[in-house]
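K.L.:
Got a predicted model here, sequence first, then my questions.
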Amino acid sequence: MKKNHQHSPWVQPARLVVQLAFLAFATFAAWRHQVLGGGPDGSAPVDALCPFGGLEALFKFVSSGEFIQRLNTSDFVLLAGTIVLALTLGRYFCGWICPLGTLQELARKLGQKLFRKVRITLPARIDSPLRWLKYVVLVWALVFTWKTGTLIIRPYDPWAAYAHGFAGWSEVWAEFSAGVSILLGSLIIGLFIDRVFCKYLCPLGAFLGLTAKLGLFSIKRNGEGCLVCNKCEKTCPVNIPIMAMHAVRSAECIGCLTCTTTCPTGKKGTADEGRTFLLPAIAGRQIRPAMVGWAGLAIFIGMIGSAQLTGYWRTQPASIVAAVTSAGQLDAQAIRGYMTLEDVSKSYGFELDKLYRELGISEQKVPATSKCKEIGKLLGLSESEFDTQKVRDAVVRLQNKGK
Ligand code: SF4
Ligand code: SF4
C-alpha cells in the first residue's frame, strides 16, 4: 500500500484552542454589549452574531425586503460562511467554532473528571426518534419567524440566555427562562451524554447537517488495515456507527475528527507506521486532519474579513431614520432598547412631554436620558411589565394621532 498520512497528535489540542478562542470572543462580545451598551456606534448585539438568525432573516428578507428586529447583514455573512463550510468541510462550524458546542464539550470533560469514565448512550429506540426533534424545531422556527417577523426562537435559545447572563440573573430569567432551562439542562445532562443539545434540539445543527449531506466532506475508512478495535465508534460524540461504513457522510457528523485522531493505525511504533486508515476526505480524496483545521479557519475568518473590508458586515442599523414603514412613516419597530427617551423624541419628531404622557410616566421617575430598556426597572416593574415594545407602541399611537 502507498504511504498514507501521518498521525497529527496535536489536532485535538489545536481544535480545543480554536473552540476556546471562539467561545472567549463570543463571551467578550456579549459582555461588551450588555455592560457597555449597544447603539449605532456601540457593540454588536448577540443576535447579530448568529448564523441561525441569518437563516431566519433570509426568509423574511426574501418575502418582504425587511430585516427582522435585532438582525442585520452580519447574520447573512455568518450564514453564508457556515454554508460554505458545510459544503466543503461538513459541520466544521459545530465541531470547531460553535460556542454552545464548546460549552457542551467542556461539560462532558468535567463529567469525565468528576464521574470517571461514565458515558451514557441512549438506547436506539429512544435515541433515533429524538434525533428528529431538531428538524421539527428547525421547521417551527423558520415558519413562525417568517410569519411573525420576530425571532420566535429567541426566548428558547440557550446561547441568547448565556449571552444575556451579564445583565443579571433576574433580568435573564425574566426574558429567557426557557433558554436558561435548556442551557442548564443540556450542560447538566451533558456531564454524562455527549452533545445532547446538538444531537436532539439544535435547529442550526439540523440545517448544517442537511447542507453537509450535499457537500464534499466525508470521513473515509479503509477497511483493509482496520484493526477492528472499535475506538473510533466508542469516542464519536454523536455515536455514528463508523465501523459499519466505508465513508461517513452522516448529517449527524460534526467534523470533530475525534475518530481519525483516535484511530491507532499508523501510529509510531506500529506495523503500519505512517499509514492511517481513517481520515477526513474531500470529494473522496483523503487529506490530513490538520488541513481540515486550517482550511476551516481560512474560509470562516476569510469570509468575515472580506465582508468587513467591503462594508457588508453590519451589526447595527446605520441610522434609525433609514427605517420607514410602507405608509411612509418612520418605523417605530426600529426603536432599540439602548435608545434614550430623548433619542426617541428627537428621531420621531415628538415633544418629550407628549411621549411621557403617552407612556403614562413622569420625568421625575424616568429622566429623559434613560434608555428604553431601563424604564421598567426605574418604575420598579419587571421587563415583561414594561419593555422597549411599550415605547414602540406609544410612538405608533402618537403617529396615528398625528395623521
Ligand atoms: S449542533 Fe447547534 S449547538 Fe451544536 S455545535 Fe452545531 S450549531 Fe452549535
Ligand atoms: S464520525 Fe468522526 S468526525 Fe464525525 S462526529 Fe464522529 S468522531 Fe467526529
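P.N.:
On my side now, so go ahead. Ligands and ions are numbered 1, 2, ... in the order given.

K.L.:
which stretches of the stretch 151-300 of the chain form strands?
P.N.:
Using DSSP state E, counting those that start in this stretch, the strands of the stretch 151-300 of the chain run over residues 217-221, 247-248, 278-282, 285-286.

K.L.:
Return the distance of the last one from the chain's centre.
P.N.:
Distance of strand 285-286 from the chain centroid (Cα atoms, centre = their mean, to the nearest Å) equals 30 Å.

K.L.:
Contact partners for whatever residue of the stretch 301-403 of the chain ends up closest to ligand 2?
P.N.:
In the stretch 301-403 of the chain, the residue found nearest to ligand 2 is residue 301; the distance is 21.4 Å by Cβ to the nearest ligand atom. In short, each C-beta sits where N, CA and C put it, glycine included. Residues near residue 301 by Cβ atoms under 8 Å, 6 or more residues apart in numbering: none.

K.L.:
can we see that at 10 Å?
P.N.:
For residue 301, the contacting residues are residue 81, by Cβ atoms under 10 Å, 6 or more residues apart in numbering.

K.L.:
looking at this, it is in a helix?
P.N.:
Yes. Assessed with DSSP: H, G, I helix; E, B strand; the rest coil, residue 301 lies in a helix.

K.L.:
For residue 33, see how far away it is.
P.N.:
Distance of residue 301 to residue 33, computed by Cβ to Cβ, to the nearest Å: 21 Å.

K.L.:
before we move on, what about residue 215?
P.N.:
33 Å.

K.L.:
So if I had to pick from those two, which one is more boxed in?
P.N.:
residue 33 (25 against 20; other Cβ atoms under 10 Å).

K.L.:
Verify the contact between that one and residue 165 for me.
P.N.:
No. Applying Cβ atoms under 10 Å, one finds residue 33 not in contact with residue 165, separated by 11.9 Å.

K.L.:
Just list whatever residues bridge to the nearest residue to residue 286 once chain neighbours are set aside.
P.N.:
Sequence neighbours aside, residue 279 is the residue nearest to residue 286 in space, at 4.2 Å (criterion: Cβ to Cβ, 6 or more residues apart in numbering). Beta bridges link residue 279 to residue 220 when assigned by DSSP bridges.

K.L.:
Name all residues that make contact with residue 279.
P.N.:
Residue 279 touches 4-5, 7, 218-222, 257, 259-260, 263, 265-266, 285-289, 292, counting by Cβ under 10 Å, 6+ apart.

K.L.:
Quick one, grab the pLDDT at whichever residue of the stretch 1-150 of the chain sits closest to ligand 2.
P.N.:
Distance from ligand 2 to each residue of the stretch 1-150 of the chain (Cβ to the nearest ligand atom) is smallest for residue 95, at 6.4 Å. Residue 95 carries a pLDDT value of 97.

K.L.:
measure it to residue 254 for me?
P.N.:
Residue 95 sits at a distance of 4 Å from residue 254 (criterion: Cβ to Cβ).

K.L.:
which residues do these two both contact?
P.N.:
101, 195, 198, 237, 238.

K.L.:
Help me confirm that the second one comes into contact with residue 254.
P.N.:
Yes. Taking contact to mean Cβ under 10 Å, the distance of 7.2 Å between residue 195 and residue 254 places them in contact.

K.L.:
any residues in contact with both of the two?
P.N.:
Taking Cβ under 10 Å, 6+ apart as the contact rule, residue 195 and residue 254 both touch 94, 95, 101, 205, 237, 238.

K.L.:
is ligand 2 contacted by the helix or strand where the third one lies?
P.N.:
When elements are assigned from DSSP states H and E, residue 101 belongs to helix 99-114. No. Contact of helix 99-114 with ligand 2 is not found when judged by Cβ under 6 Å from any ligand atom; the minimum separation is 11.0 Å.

K.L.:
where exactly do the strands run in the stretch 1-150 of the chain?
P.N.:
Under DSSP E, counting those that start in this stretch, the stretch 1-150 of the chain gives no strands.

K.L.:
follow-up on the earlier one: among the contacts of residue 279, which ones are buried?
P.N.:
4-5, 7, 218-222, 257, 259-260, 263, 265-266, 286-289, 292 (16 or more other Cβ atoms under 10 Å).

K.L.:
Out of these, which sit inside helices?
P.N.:
Applying DSSP state H to the buried ones among the contacts of residue 279, the entries found in helices are 259, 260, 289, 292.

K.L.:
Tell me how far the last one lies from ligand 2.
P.N.:
Translated: residue 292. Separation of residue 292 from ligand 2 (Cβ to the nearest ligand atom, to the nearest Å): 9 Å.

K.L.:
quick one: that residue and residue 91 touch, right?
P.N.:
No. Residue 292 lies out of contact with residue 91 (Cβ under 10 Å); the separation is 11.5 Å.

K.L.:
Tell me the predicted confidence for the residue nearest to residue 286.
P.N.:
Confidence at residue 279, expressed as pLDDT, is 90.

K.L.:
what does residue 303 give?
P.N.:
pLDDT, read off for residue 303, is 94.

K.L.:
Show the contacting residues for it.
P.N.:
77, 78, 80, 81, 82, 83, 84, 85, 312, 313.

K.L.:
got these as JSON lines, with neighbour count, pLDDT and distance to residue 210 columns?
P.N.:
What follows is the contacts of residue 303, written out as JSON lines (neighbours: other Cβ atoms under 10 Å; pLDDT from 0 to 100; distance: Cβ to Cβ, whole Å):
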{"residue": "77", "neighbour count": "21", "pLDDT": "89", "distance to residue 210": "21"}
{"residue": "78", "neighbour count": "25", "pLDDT": "91", "distance to residue 210": "18"}
{"residue": "80", "neighbour count": "17", "pLDDT": "92", "distance to residue 210": "16"}
{"residue": "81", "neighbour count": "22", "pLDDT": "93", "distance to residue 210": "17"}
{"residue": "82", "neighbour count": "27", "pLDDT": "95", "distance to residue 210": "12"}
{"residue": "83", "neighbour count": "21", "pLDDT": "95", "distance to residue 210": "11"}
{"residue": "84", "neighbour count": "17", "pLDDT": "97", "distance to residue 210": "15"}
{"residue": "85", "neighbour count": "28", "pLDDT": "97", "distance to residue 210": "14"}
{"residue": "312", "neighbour count": "15", "pLDDT": "80", "distance to residue 210": "26"}
{"residue": "313", "neighbour count": "20", "pLDDT": "82", "distance to residue 210": "26"}
